[in-house]
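>>> Provide a 3D model corresponding to the input given below.
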Amino acid sequence: MRHDSLFKSIDWATILMYIALVVMGWVSIYGASYNLEDINIFDFEQRAGKQLLWIACAFLIAIVIMMIDSRFYDIFAYHVYALIILLLIATIFLAPNIKGSHSWLVIGPVNLQSVELAKFATALALAKVMSRYNFKLQGFKSYILPVFIILLPILCVVLQKEVGSALVFLALFLALYREGMPGVLLFTALCLIGYFILGIRFNDIPIQGNDTARGTLGTFLCYLSCIIIQISLIIVYEKNINAAKWITLGNIGLFAIAFVLNIWFKANYNFVAFISMGLSGGYLLFLSIRHRKKTYWLIVLFMMFSVGYCYSSDYIFDNVLQAHHQTRIKVLLGIEQDLTGAGYNVNQSKIAIGSGRLWGKGLLNGTQTKLKYVPEQDTDFIFCTVGEEHGFVGTSVVLILYLIFLWRLIILAERQRENFSRIFGYCVVSIFFFHFVINVGMALGLAPVIGIPLPFFSYGGSSLWGFTILLFIFLRLDASRTGRVR
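Alright, predicted model coming up:
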């Protein structure tokens, strides 16, 4: 391997953005953790000083990764994945209880969060599986192994009681979409999220009077959404305007009758919606037999699954999610106003960001952050420090830099000549995108608080090292894309 060729092949634009984000994050951590008694940014007893040590280690890790032969990551992808899975399993039993979760391994003076290492290991294994010769995402069997690779770390992390971190792995399905997964599956996922939100948000609102037994608005809206989606699928996939017309007219007629019956006899809207979908499904089955097209069958199955999911959303919310997750979702959806409890963090974060106005209050001059009103303001809510001290202009610079960073990673992924490198690149993009959108959304009150860090900004060595490894493995693969550098 010629080191001068490697030096020339590295994408320095991405590395410069990485360094810029890391330095800006370090300054933000100093601003978030600053107090008048300890004003030295290089004090290693304080968080800013400790983060500087993590940054130095991250730079060293990046150099080591770039010096390793790029073929190593392909050859040993499964081995790395297996080792990290064992580490995740060990964490379940060995990690102490920290804030209700068992996700931190205490190794001397260092607390290591194994889930951060699982992200790059899962991406490597996924890229290895999907880059096999003649592999295509076609048919049920082709999805078994990739989905298993994604779900296994999710299960381990959930057992550590870190549901928020487990959700990050779902972002890898975006990489599957890039590699040929049908868009209808992503569409289905979005529908399930929509059904869940509608069902939970309007679950306690009766359609008529106070008798919730006659049906709630949430269930009715879910049914109505199912019908609209059903009609849309017929138009998009079958282009059968005639069938869509008859189903639409039939549903309008049924709901008109239901409206009259609801006023006169207190009829159940939900029951009418259920009947309308049953009739629509029967009509589609007739069309499927008549025209011998399985698409109609698939639409009916989708609708049946949607109805079942609508019925089960309450059970999932009440029995699967933990109490604090339920409260956070209720606060996010406006069901509850808990400004002193679950909604306190988000409320204080929005106050801090709003108080920064256009130019911000200046470095170390933020009152909300200096008086410690915002919990976790140097980790999960680090973005509020940027907003208060640097205002709209400062947050815009950070957001634009992140967007350019993600755009650059997509460009690098698309220019790869090997499937392994391209797939791994899109896994990197997906993970960074999820962290960026959800963390900023948390600080602005637009996403549920699930406790995931902002890449390169949030305090902590585990997350910084994990993101650094993820990025620089990809940069190392990109540097060898021409075949001249290994």
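>>> Let me see the ranges of the helices in the stretch 1-150 of the chain.
Taking DSSP state H, counting those that start in this stretch as the test, the helices found in the stretch 1-150 of the chain are 3-9, 12-33, 47-67, 71-75, 77-94, 114-130, 141-159.
>>> Relative to residue 427, which of those helices is closest?
Nearest of the helices of the stretch 1-150 of the chain to residue 427, taken as CB to CB: helix 114-130 at 3.6 Å. Using the backbone N, CA and C atoms, a C-beta is placed for each residue, glycine as well.
>>> Convert the C-alpha atoms of the closest one to PDB, please.
The C-alpha coordinates for helix 114-130 follow below in PDB (Å, rounded to 0.1, in the frame of the first residue of the first chain):
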ATOM      1  CA  SER A 114     -22.000  -1.000  23.500                       C
ATOM      2  CA  VAL A 115     -24.900   0.000  21.300                       C
ATOM      3  CA  GLU A 116     -22.800   2.700  19.700                       C
ATOM      4  CA  LEU A 117     -20.400   0.000  18.500                       C
ATOM      5  CA  ALA A 118     -23.200  -2.100  17.300                       C
ATOM      6  CA  LYS A 119     -24.200   0.400  14.600                       C
ATOM      7  CA  PHE A 120     -21.100   0.100  12.500                       C
ATOM      8  CA  ALA A 121     -20.900  -3.700  13.100                       C
ATOM      9  CA  THR A 122     -24.500  -4.100  11.900                       C
ATOM     10  CA  ALA A 123     -23.800  -1.900   8.900                       C
ATOM     11  CA  LEU A 124     -20.800  -4.000   8.000                       C
ATOM     12  CA  ALA A 125     -22.700  -7.300   8.300                       C
ATOM     13  CA  LEU A 126     -25.600  -6.000   6.300                       C
ATOM     14  CA  ALA A 127     -23.300  -4.800   3.500                       C
ATOM     15  CA  LYS A 128     -21.600  -8.100   3.500                       C
ATOM     16  CA  VAL A 129     -24.800 -10.100   3.100                       C
ATOM     17  CA  MET A 130     -26.300  -7.900   0.400                       C
END
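>>> what about it, average pLDDT?
Averaged over helix 114-130, pLDDT sits at 95.
>>> With stretch 175-191 instead?
On average, the pLDDT along stretch 175-191 is 81.
>>> Just list the residues touching residue 469, thanks.
61, 65, 117, 120 (CB atoms under 8 Å, 6 or more residues apart in numbering).
>>> how much space between it and residue 84?
11 Å (CB to CB, to the nearest Å).
>>> Over to residue 299?
Residue 299 sits 40 Å away from residue 84, going by CB to CB.
>>> likewise residue 329?
To residue 84, residue 329 is 30 Å away according to CB to CB.
>>> follow-up on the earlier one: okay, the helices of the stretch 1-150 of the chain, which one's buried deepest?
Sort the helices of the stretch 1-150 of the chain by mean neighbour count, taking mean count of other CB atoms under 10 Å, and helix 114-130 sits at the top with a mean of 25.
>>> Just the residues contacting stretch 49-69, thanks.
Counting by CB under 8 Å, 6+ apart, 1, 6, 10, 22, 25-26, 29, 40-44, 459-461, 464-465, 468-469, 472-473, 475-476, 479, 486 sit against stretch 49-69.
>>> Low-confidence ranges, the stretch 351-486 of the chain, go.
Applying pLDDT under 70 to the stretch 351-486 of the chain flags residues 370-371, 483-486.
>>> Could you list the domains of the chain?
The chain is divided into the following domains under automatic domain parsing: 3-184+335-479, 205-323.
>>> and the last one, average pLDDT?
So the one you mean is domain 205-323. Mean pLDDT, computed over domain 205-323, is 68.
>>> roughly how far apart are the most centrally placed residue in the chain and residue 428?
With distances taken as CA atoms, centre = their mean, residue 434 lies nearest the centre of the chain, 4.1 Å away. Residue 434 sits 11 Å away from residue 428, going by CB to CB.
>>> By residue count, what's the longest helix in the chain?
In the chain, with assignment by DSSP state H, the single longest helix is helix 382-414.
>>> Which strands or helices does that helix pack on?
Helices and strands touching helix 382-414, by 3 or more CB pairs under 8 Å, 6 or more residues apart in numbering; DSSP states H and E, are helix 12-33, helix 344-355, helix 367-370, helix 419-444, helix 461-479.
>>> That helix versus helix 12-33: what angle between them?
Put simply, helix 382-414 runs at 170 degrees to helix 12-33, going by axes from the mean of the first three to the mean of the last three CA atoms, to 10 degrees.
>>> Now find how far off-centre helix 382-414 is within its chain.
In terms of CA atoms, centre = their mean, to the nearest Å, the centre of helix 382-414 is found 17 Å from the chain centre.
>>> again, but for stretch 103-114
How far stretch 103-114 lies from its chain's middle: 24 Å, per CA atoms, centre = their mean.
>>> ditto for stretch 403-417
19 Å.
>>> Same check on stretch 285-293?
For stretch 285-293, the distance to the chain centre is 39 Å (CA atoms, centre = their mean).
>>> What are the contacting residues of it?
238, 240, 243, 294-297, 300.
>>> how about a cut-off of 10 Å?
234, 237-238, 240, 242-243, 284, 294-300 (CB atoms under 10 Å, 6 or more residues apart in numbering).
>>> Filter those down to the ones in helices?
Mapping the contacts of stretch 285-293 onto helices (DSSP H) picks out 242-243, 284, 294-300.
>>> among the residues you listed, which ones are buried?
Neighbour counting with 16 or more other CB atoms under 10 Å marks 243, 284, 295-296, 299-300 as buried within the ones in helices among the contacts of stretch 285-293.
>>> Which two of these have the greatest separation?
Every pair of these checked by CB to CB; the farthest is 243 and 300, at 12.4 Å.
>>> List the contacts of the residue lying closest to residue 177 once chain neighbours are set aside.
Computed as CB to CB, 6 or more residues apart in numbering, the closest residue to residue 177 that is not its neighbour in sequence is residue 186, at 5.7 Å. Contact analysis of residue 186 by CB under 10 Å, 6+ apart lists 173-174, 176-177.
>>> Can you tell me the element residue 186 falls in?
helix 183-201 (DSSP states H and E).
>>> so how far is that helix from its chain's centroid?
Put simply, helix 183-201 sits 14 Å off its chain's centre (CA atoms, centre = their mean).
>>> now stretch 470-482
With CA atoms, centre = their mean, you get 24 Å for stretch 470-482.
>>> Flag every buried residue along it.
Result for stretch 470-482 [16+ other CB under 10 Å]: buried residues 470-481.
>>> same check, this time on stretch 378-398
For stretch 378-398, by 16+ other CB under 10 Å, it's 378-391, 394-395, 398.
>>> of the buried residues of stretch 470-482, closest to residue 14?
For the buried residues of stretch 470-482, the nearest to residue 14 is residue 475 (6.3 Å; CB to CB).
>>> Would you mind listing the residues in contact with the closest one?
Applying CB under 10 Å, 6+ apart, the residues near residue 475 are 9-12, 14-15, 18, 62, 65-66, 409, 412, 425, 428.
>>> and the residues you listed as a markdown table, adding distance to residue 144?
A markdown table is the format used below for those (distance: CB to CB, whole Å):
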| residue | distance to residue 144 |
| --- | --- |
| 9 | 37 |
| 10 | 37 |
| 11 | 35 |
| 12 | 40 |
| 14 | 34 |
| 15 | 37 |
| 18 | 35 |
| 62 | 35 |
| 65 | 31 |
| 66 | 35 |
| 409 | 28 |
| 412 | 29 |
| 425 | 24 |
| 428 | 24 |
